[in-house]
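**Q** below: sequence and its predicted model.
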Amino acid sequence: MAKVLLFGRLSDIAGWRERTLEPLPASLFALRAQLCAEDEGLAQALSAPGVQVALDQAIVRGDAALTARSEVAFLPAMSGG
């Protein structure tokens, strides 16, 4: 089963930190669309500048295929020095 993780304020907004999905959408874009359709507040937060996505612990820019063993983490914008 694929695992979806939300960190920081994203998990606060959604009300969950970790979720397993079955069936899993075929791609990161499809997963993001599914999450956004389920929760308007999360949709706004995920579209904010600086939000990053890690697929199997590697930052991904753009779309990527998902498998049944994928781990997808949505990371809020980071700041600091």
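**A** Ah, there it is.
**Q** hey, let's count contacts and neighbours off CA atoms from now on
**A** Fine.
**Q** isn't Ile59 up against Gln52?
**A** Yes - using Cα atoms under 8 Å, Ile59 and Gln52 qualify as a contacting pair, with a distance of 7.0 Å.
**Q** the more surrounded of the two?
**A** Ranked by neighbour count (other Cα atoms under 10 Å), Ile59 and Gln52 place Gln52 first, with 17 against 14.
**Q** quick one: pLDDT of the nearest residue to the more buried one once chain neighbours are set aside?
**A** Nearest non-adjacent residue to Gln52, counting by Cα to Cα, 6 or more residues apart in numbering: Leu75, 5.1 Å away. Leu75 carries a pLDDT value of 97.
**Q** what's near enough to touch Leu75?
**A** Counting by Cα atoms under 8 Å, 6 or more residues apart in numbering, Leu75 touches Leu6, Phe7, Gly8, Leu10, Val51, Gln52, Val53, Ala54.
**Q** repeat the analysis, applying 10 Å as the threshold.
**A** Counting by Cα atoms under 10 Å, 6 or more residues apart in numbering, Leu75 touches 5-11, 46, 50-54, 59.
**Q** about what we covered before: overlap of the contact sets of Ile59 and Gln52?
**A** In contact with both Ile59 and Gln52: Ala73, Phe74, Leu75, using Cα under 10 Å, 6+ apart.
**Q** can you list the buried residues in the helix ranked longest in the chain?
**A** Counting by DSSP state H, the longest helix found in the chain is helix 28-38. Neighbour-count burial for helix 28-38 flags Leu28, Ala30, Leu31, Arg32, Cys36 (criterion: 16 or more other Cα atoms under 10 Å).
**Q** thanks a lot, see you next time.
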